[in-house]
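Chemist: just coords:
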């Protein structure tokens, strides 16, 4: 067993870390305060190939695999969860859906500009009555000749308010449900009938965009059907699996940051004349944090390796997301406690990290869904079929 | 046009802690960076490459003995067309005098060059002698500490700081020019180039060549001027005197302290 | 053992609930989003007698027992924790300190104004630097032995010099209760806002409790009359200790309020939200989160009211105060976290109340003393009974 990263991944991490520290970290507080997406940073990332990190070079990507993508998400998660969110939605579910299910033409036409960062991507699924129960979506796609016409409202969408190329899931056969009734479409956002609705006011990840999208008689050509008609939900599941792993990587970065801040503070701060590092309550928190970070790190990169070597990973990806989000939440909570009052003000990054971390247990499939996925997988291997 | 950039590496200062009391340097994280000034020199070379309509080839060479070619690969990932990694017993103990001879020979082996760019000073040792030695070995003019460099039509133009202002210096190519650190914002490596040069794939498979210095210079040229006999901390800095009391008392104490020192 | 509130207390509870629903709830989101303390709400609260809740009638107080006051804070915190903790600071930390330790003259001068809401009280104890014995800043409570703020006698006056941080109510107060190191130990002083040499500075931009003001206070050559000292010279430590013990109980009551409201909101959501064809209330995981939260809330409830009852009995409250505060902080955190999860994405949006409750609740682990220090205090008492002395 070789637990080292290959030379290209070591070099990649170094480059990304420098980028993250020089370009992403310095504006993290500002984009949170102003609630704006850092387009200028995304553009810079695109120029050096980061926005296509995992896609093959033949499609405009960097060819660094899922491991490279996890490294990117970890390093971004370490300095700015909002930026990690913007990038994750673009690469991990937007572009990824086209990579996994697109035809050659679709990949050349749509994946290429996304991988080069020339255009931004998004994946559009959630609706007011379809959150965890994603199959309950009602956005309708009706075929007329060579075109499909989409009508419906999507909620809580990341990147949809500015992405140029989005993958949309809609119902093509209301009688069939998840198996056979849902289709994925590649939609260019400047299509007439594509409207951006209200922008959500979130507690955290305020440097990312979460918005309502409204489709009103929006025409999508039949050649833009992604995968087969009626099989959208099944292919969405594949895309989601990939997204779960990399969200775990972003959480790893966030947890590492919380640990690093806590160690630094414990060295510096004194209470009753003694550095906090000498207080057992603090030592316990640091030890717990560090152990969980190590366990998460091993899990995430092992699963990345499994993806890169073509092994099944669905159940483990769900574990990465579930465990990662909970490790990050625990770590940042402890970091806040160690920092005391200064952890509770917006003058320190802890407050932002605390607000940002909370969403990870909810989006990309709530941790309740992750647990159902894991338990279902386990019991299916033992011959018991579980319904959600 | 061929521009040679001479690149070295330095231990990342964020990865180690100097503990004077114990007389030790604790390296918590052994990671290396490109010498910051050399990185600026590379950026200057790449900007010349970007701006010209004529083909410019940028070749990276090492400024010091290197245990691996990582920093040269990084230079290629950042935009250098190729790099030469110098190996062999002869280079392991090379000091700046020896490196200058090796580099001059390497330039000849490459078939010459128009411009050599490198950092003005090294971050760790504060050395600035390599570039002048190389210039002397090649018989080329040298411009040191250039804040801005342009090369066209057989001439190099540089802007240097002088007093409170600036001065423009020009000379014919070929020439050696050094660039101080923090003069330009260096670009990030390109992701695709980075992956390929480290994986040694595609066009990048042969981007870094290995040359044995025994094939460049003879044994005599490899004799270093310097012999390292050990290392120690510099002497403790003397602390000042803290004066307190009434203004008159403080003035008296300061005057006395000055009287003892001067 | 009688586990019910008296008829009078139940009546008060209904009255408090009516007030809060009518006057506080509609303003809660705005108070948080605009980060503005609500003078109008405080005025209306004053009209109800809440700002002098526990003060005797002779000072225009409502003469509530501490159990009833805790009920008030709990009720207000259900709708707006900022309002609740503002009021708790004013009454428990400042007004009741004057009541306990003030001379008749001091009580007559300050308490009626405070009861009327014309003069809000702020508590200035925490300091930026950790002195060798004083606990570090960050809202950690000092054990009062060595403060950096100095009180230097000058004839009939005292000169105050120093910096205080995290002064709760600093931005809206007319009267500051300031703790300083005098010649005989820690002294407490009542310093009106317009006293020359007192400057209210930076307001901390907090994660939650955004309707409160926590300010830095500068005392530069601030001259107060010796008659402004509260209690005898060197008694300041005891004044601070008693105040913080009282406050610990109502902070826990605020934790109780925000927790139980979080449960109610989440339960209502779960009773309406359908996923996978059923209400999410039908899912065992959701049931488990709700039941766990419910149990924690109930446990906290009895702990809070027992502690409040102990306040009314008099006597030393130190350990019980630490226990209830630590437990309250943990419960509020755990419950708001769990109930946010029940609400999913809606729990994360600031247009719904849960996000604010989550942010507000987190404060309890830190203000009024971090949980770690409360644990030490409890351990000190437990081990003292075995004749083992534990250093802080």
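Modeler: That came in fine, so what should we check first? Treat the numbers as computed from the prediction; the structure is a model and nothing was measured.
Chemist: buried stuff in the helix or strand containing residue C:44?
Modeler: Secondary structure assignment for residue C:44, by DSSP states H and E: helix C:39-47. Within helix C:39-47, the residues scored as buried using 16 or more other CB atoms under 10 Å in any protein chain shown are C:41, C:42, C:44, C:45, C:46. Any C-beta I mention is one placed from the backbone N, CA and C, and that applies to glycine too.
Chemist: That one: how far from the chain's middle?
Modeler: Chain-centre distance of helix C:39-47: 18 Å, with CA atoms, centre = their mean, to the nearest Å.
Chemist: do stretch C:306-313 as well
Modeler: Relative to its parent chain, stretch C:306-313 has a centroid offset of 16 Å by CA atoms, centre = their mean.
Chemist: cool, and stretch B:200-213?
Modeler: On the basis of CA atoms, centre = their mean, stretch B:200-213 sits 22 Å off its chain's mean C-alpha point.
Chemist: again with stretch C:223-238
Modeler: With CA atoms, centre = their mean, you get 23 Å for stretch C:223-238.
Chemist: Stretch C:215-229 too?
Modeler: 23 Å.
Chemist: do that stretch and chain A meet?
Modeler: No. Applying CB under 8 Å from any CB of the partner chain, one finds stretch C:215-229 separated from chain A by no less than 11.5 Å.
Chemist: Work out which residue lies at the spatial centre of chain A.
Modeler: Most central in chain A under CA atoms, centre = their mean is residue A:88, positioned 3.9 Å from the mean C-alpha point.
Chemist: if I look at that one, how far off is chain C?
Modeler: Separation of residue A:88 from chain C (CB to the nearest CB, to the nearest Å) stands at 16 Å.
Chemist: so that residue sits right up against residue A:247, yeah?
Modeler: Yes. In terms of CB atoms under 8 Å, residue A:88 counts as a neighbour of residue A:247; the distance is 6.4 Å.
Chemist: quick one: residue A:139 and residue A:172 touch, right?
Modeler: No. Using CB under 8 Å, residue A:139 is not in contact with residue A:172; the gap is 10.2 Å.
Chemist: still on that earlier bit, find residues that contact each of residue A:88 and residue A:247.
Modeler: Common contact partners of residue A:88 and residue A:247 (CB atoms under 8 Å, 6 or more residues apart in numbering or on different chains): residue A:73.
Chemist: give me the number of residues near the closest residue to residue C:3 other than its chain neighbours?
Modeler: Excluding the flanking residues, the one nearest residue C:3 by CB to CB, 6 or more residues apart in numbering or on different chains is residue C:302, at 7.7 Å. When neighbours are counted by other CB atoms under 10 Å in any protein chain shown, residue C:302 registers 11.
Chemist: Same question for residue C:304.
Modeler: 29.
Chemist: ok, it - contacts?
Modeler: Counting by CB under 8 Å, 6+ apart, residue C:304 touches C:70, C:74, C:249, C:252, C:253, C:256, C:324, C:328.
Chemist: What of residue B:102?
Modeler: By CB under 8 Å, 6+ apart, residue B:102 lies in contact with B:86, B:90, B:91, B:94, B:213, B:216, B:217, B:221, B:222.
Chemist: The second one is in what secondary structure piece?
Modeler: Assignment of secondary structure by DSSP H and E places residue B:90 within helix B:89-92.
Chemist: next one: the first one
Modeler: Using DSSP H and E, the element containing residue B:86 is strand B:82-87.
Chemist: What strands flank that strand, and is each parallel or antiparallel?
Modeler: Take DSSP bridges as the rule and strand B:82-87 pairs in its sheet with strand B:57-62 (parallel), strand B:208-212 (parallel).
Chemist: among the contacts of residue B:102, which two are most distant?
Modeler: B:86 and B:221 (13.2 Å; CB to CB).
Chemist: More neighbours: which of the two?
Modeler: residue B:86 (24 against 18).
Chemist: Looking at the more buried one now. What's its pLDDT?
Modeler: Predicted confidence (pLDDT) at residue B:86: the value is 96.
Chemist: In this structure it contacts residue B:211, no?
Modeler: Yes. Counting by CB under 8 Å, residue B:86 touches residue B:211, with 5.7 Å between them.
Chemist: mind listing what the nearest residue to residue A:166 once chain neighbours are set aside touches?
Modeler: Nearest non-adjacent residue to residue A:166, counting by CB to CB, 6+ apart: residue A:122, 4.4 Å away. Counting by CB under 8 Å, 6+ apart, residue A:122 touches A:89, A:90, A:93, A:94, A:157, A:158, A:159, A:160, A:163, A:165, A:166, A:167.
Chemist: Pipe those into JSON lines and attach secondary structure and pLDDT per row.
Modeler: JSON lines is the format used below for the contacts of residue A:122 (DSSP: H, G, I helix; E, B strand; the rest coil; pLDDT from 0 to 100):
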{"residue": "A:89", "secondary structure": "helix", "pLDDT": "97"}
{"residue": "A:90", "secondary structure": "helix", "pLDDT": "97"}
{"residue": "A:93", "secondary structure": "helix", "pLDDT": "94"}
{"residue": "A:94", "secondary structure": "helix", "pLDDT": "94"}
{"residue": "A:157", "secondary structure": "strand", "pLDDT": "96"}
{"residue": "A:158", "secondary structure": "strand", "pLDDT": "97"}
{"residue": "A:159", "secondary structure": "coil", "pLDDT": "97"}
{"residue": "A:160", "secondary structure": "coil", "pLDDT": "96"}
{"residue": "A:163", "secondary structure": "coil", "pLDDT": "98"}
{"residue": "A:165", "secondary structure": "strand", "pLDDT": "98"}
{"residue": "A:166", "secondary structure": "strand", "pLDDT": "97"}
{"residue": "A:167", "secondary structure": "strand", "pLDDT": "97"}
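Chemist: which residues touch the residue in the stretch 51-200 of chain B that chain A sits nearest to?
Modeler: Per CB to the nearest CB, residue B:191 is where the stretch 51-200 of chain B lies closest to chain A, at 2.8 Å. Residue B:191 is in contact with A:12, A:15, A:48, A:49, A:50, A:52, A:53, A:62, A:64, counting by CB under 8 Å, 6+ apart.
Chemist: let's see it at 6 Å
Modeler: A:48, A:49, A:50, A:62 (CB atoms under 6 Å, 6 or more residues apart in numbering or on different chains).
Chemist: Phi, psi for it please.
Modeler: Note on residue B:191: its backbone torsions stand at phi -60, psi -50 [degrees, to the nearest 10].
Chemist: Residue C:39 versus that one, what's the distance?
Modeler: Look at residue B:191 and residue C:39: by CB to CB, to the nearest Å, they are 56 Å apart.
Chemist: Also residue B:43?
Modeler: Distance, residue B:43 to residue C:39, by CB to CB: 58 Å.
Chemist: Show me which residues of the stretch 51-200 of chain B sit near chain A.
Modeler: Within the stretch 51-200 of chain B, the positions lying close to chain A (CB under 6 Å from any CB of the partner chain) are B:188, B:189, B:190, B:191, B:192, B:194, B:195, B:198, B:199.
Chemist: number of nearby residues for the residue of chain B found nearest chain C?
Modeler: Chain C sits closest to residue B:244 of chain B, with a gap of 18.8 Å, by CB to the nearest CB. Neighbours of residue B:244 under the rule other CB under 10 Å: 7.
Chemist: quick one: pLDDT of it?
Modeler: 85.
Chemist: What ranges in the stretch 51-200 of chain C fall below the confidence cut-off?
Modeler: By pLDDT under 70, the weakly predicted segments of the stretch 51-200 of chain C are C:129-145.
Chemist: So residue C:123, which state does it fall into?
Modeler: Following DSSP: H, G, I helix; E, B strand; the rest coil, we place residue C:123 in the strand state.
Chemist: Could I get the contacting residues of it?
Modeler: Neighbour list for residue C:123: C:89, C:93, C:94, C:168, C:177 [criterion: CB under 6 Å, 6+ apart].
Chemist: now do 7 Å
Modeler: Contacts for residue C:123 (CB atoms under 7 Å, 6 or more residues apart in numbering or on different chains) come out as C:89, C:93, C:94, C:167, C:168, C:177.
Chemist: does residue A:154 sit in a helix, a strand or a coil?
Modeler: Relying on three-state DSSP, one would call residue A:154 strand.
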